[in-house]
Structures are given as C-alpha cells and as structure tokens.
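Undergrad: for reference, the sequence and a predicted model appear below.
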Protein chains: 2
Amino acid sequence: MSGRELTREFFLGFIKLHILHHAAQEPVCGVDLAEELGRHGYELSPGTLYPTLHALNRAGYLKQHDRTVHGRRRKYYVATDAGSAALERGKAQARELIREILDNDD
Amino acid sequence: MSGRELTREFFLGFIKLHILHHAAQEPVCGVDLAEELGRHGYELSPGTLYPTLHALNRAGYLKQHDRTVHGRRRKYYVATDAGSAALERGKAQARELIREILDNDD
DNA sequence: AACTTCGATATCGCGACGCGATATCAAGAT
DNA sequence: ATCTTGATATCGCGTCGCGATATCGAAGTT
C-alpha cells in the first residue's frame, strides 16, 4: 500500500461526512457533490461517488427524489432524520479527533 | 450496508490518524493503541489493528523496533518524518472538515 | 416517431481492505 | 522441556474503492 493510497483512506470518511452534511442542508445530486467536494480538495470518481450515494440511501441516511434540470434527469438526495443523527454523531467524533490531535500540539 | 457499518466507515480514517498521532509522540505498540483508542470510544479488533500497523509501516509512515516488556515481546512503532508529514496533512484536512461541517452550523 | 447527442447516473472487474476467528510466537514459571 | 499467557500475526469471506465502461433519458433534428 502506497502512502498516497493510505492518505486517501484517512479521508474517505471525511468525504462521506461532507456528503451527509450537504444533503442535510439542501437537496444535492451527484454532480453537485463532485464539484463541491472538489472545492474542498477532494476528488471522487463516479465509480466511488454513486455507489456511496446508493449505500447512504440504502442505510436510510439519504432520501432520493428525481428531478429534471436543463433537460437532464438528476437524482437529488436529502438527509433523513436518521442521516442527520448520524451526521451529529460524526460531528461529535470529529470534535473529539480535533481535541486529541490538534488542540494539544503545543 | 447497515447504518452501523456505514458509521464505522466514517471513523476508520479518524482511527488511523489517531494512531499516527500517538506514534508521533511516543513509541506505541498494538495493545497500547487498542487501549488508548478504546478511551476515545473506538474499538479496533486485532484483525484490523495489526494489518493497519503493518500497512503504515510498509508505507514508510511508521518505523518498528522490538522491545521486551514484562517478559512479553512487543513491537513498538514511532512515526517517521514521512509519517509526521502525512499526519500534518491529515490535520489540515481535519481542520477543513471542522470549518465546513461544524463551525457554520448556527 | 426514430435517430442523435450528451450530460448524468449506473455498473463491472479486480485489487485491496475490515475484521472475527484462529493460529503463532516468545519469555517466564514450574 | 513443557505449560502458560500476553502479544502479535494470519486466514477467509464479505465488502469497498475506483478507473473504465456502459446505460439512461430529455431535448433537438429530421
């Protein structure tokens, strides 16, 4: 396993939390997320993004509804209550991570 | 994929960063990490912990050296320069995550 | 209505991971 | 030498990551 691949493993969870976060604020579709994540320095190929959305959907964290935009069919996702709850737990853990590895590095 | 499994996926990266963080502060061995991570609410079975340490070692992020403690052979790991650099990148990304999903949830 | 286009989403295949269960290893005691 | 026990290592199977590829569907063209 290369360093680059390992480093990516560090962040895959971050990316999923990001997705949940955005879906908790407004309906988002695949391309929106790909672009938004790109702005945060992440890259997510379709082969990862869409299966991830499906998994979040199956887990009951996201709810899907189709919409047609500019003649293109898009699948929008919004966070469910369970998804928002999972996001909150994720935030709590992220806070804990920060406290542990960031705050006390004097 | 269940919600529980998905939630775990969120945190696997956190756990690996935690490991790198501790190894950057002092030599740590498997059991030390299992206990320390447990204090932070994480659980990591041997089947995940040891292969993870080996992967970090192979990637050049950790350096291993054996030591005998209380009649038990232990393998201690410390972060290399490359490991510390990867940790710093991880911290930067964690900060970014925090800014995005924590700070502006008013 | 059939065809074409093309943005958006979906799937395939293979390598690698997660992890419970199991096995192996090593130092001290007897 | 054997047993004990803590520590580490590995196996096997299900699943994931993801580049490459395929499919879908709405609008325009004819």
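TA: Noted; the coordinates are in hand.
Undergrad: near DNA strand D, anything from stretch A:36-53?
TA: Yes: contact of stretch A:36-53 with DNA strand D (Cβ under 7 Å from any atom of the strand) involves A:44-48, A:51-52. No exception for glycine: its C-beta is placed from N, CA and C like everyone else's.
Undergrad: so how far is the helix ranked longest in chain A off the chain centroid?
TA: With secondary structure taken from DSSP state H, chain A has its longest helix at helix A:3-23. Distance of helix A:3-23 from its chain centroid, counting by Cα atoms, centre = their mean, to the nearest Å, is 7 Å.
Undergrad: that one and DNA strand C in contact?
TA: Yes: applying Cβ under 7 Å from any atom of the strand, one finds helix A:3-23 touching DNA strand C at A:5, A:9.
Undergrad: give the other helices and strands that the helix or strand just after that helix contacts.
TA: Using DSSP states H and E, the helix or strand that follows helix A:3-23 in sequence is helix A:30-39. Packing partners of helix A:30-39 (3 or more Cβ pairs under 8 Å, 6 or more residues apart in numbering or on different chains; DSSP states H and E): helix A:3-23, helix A:46-58, strand A:72-79.
Undergrad: tell me which of the ones you listed sits most buried.
TA: When you average the neighbours per residue for each of these (mean count of other Cβ atoms under 10 Å in any protein chain shown), helix A:3-23 leads with a mean of 20.
Undergrad: tilt between that helix and helix B:46-58?
TA: Taking axes from the mean of the first three to the mean of the last three Cα atoms, to 10 degrees, helix A:3-23 and helix B:46-58 form an angle of 120 degrees between their directions.
Undergrad: about what we covered before: in TSV: the helices and strands packed on helix A:30-39, plus mean pLDDT.
TA: Output for the helices and strands packed on helix A:30-39, formatted as TSV (pLDDT from 0 to 100):
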stretch	mean pLDDT
helix A:3-23	93
helix A:46-58	97
strand A:72-79	96
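Undergrad: what would those look like in TSV with distance to residue B:4?
TA: Formatted as TSV, those follow (distance: least, Cβ to Cβ, whole Å):
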stretch	distance to residue B:4
helix A:3-23	14
helix A:46-58	13
strand A:72-79	17
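Undergrad: between those, which one is nearest to residue B:12?
TA: Of all those, helix A:3-23 sits nearest to residue B:12, with 6.0 Å by Cβ to Cβ.
Undergrad: check whether that closest one comes near chain B.
TA: Yes: interface with chain B: helix A:3-23 contributes A:3, A:6-7, A:9-14, A:16-18, A:21 (Cβ under 8 Å from any Cβ of the partner chain).
Undergrad: who does that helix touch, helix- and strand-wise?
TA: Applying 3+ Cβ pairs under 8 Å, 6+ apart, we find helix A:3-23 packed against helix A:30-39, helix A:46-58, strand A:72-79, helix A:81-98, helix B:3-25, helix B:81-98.
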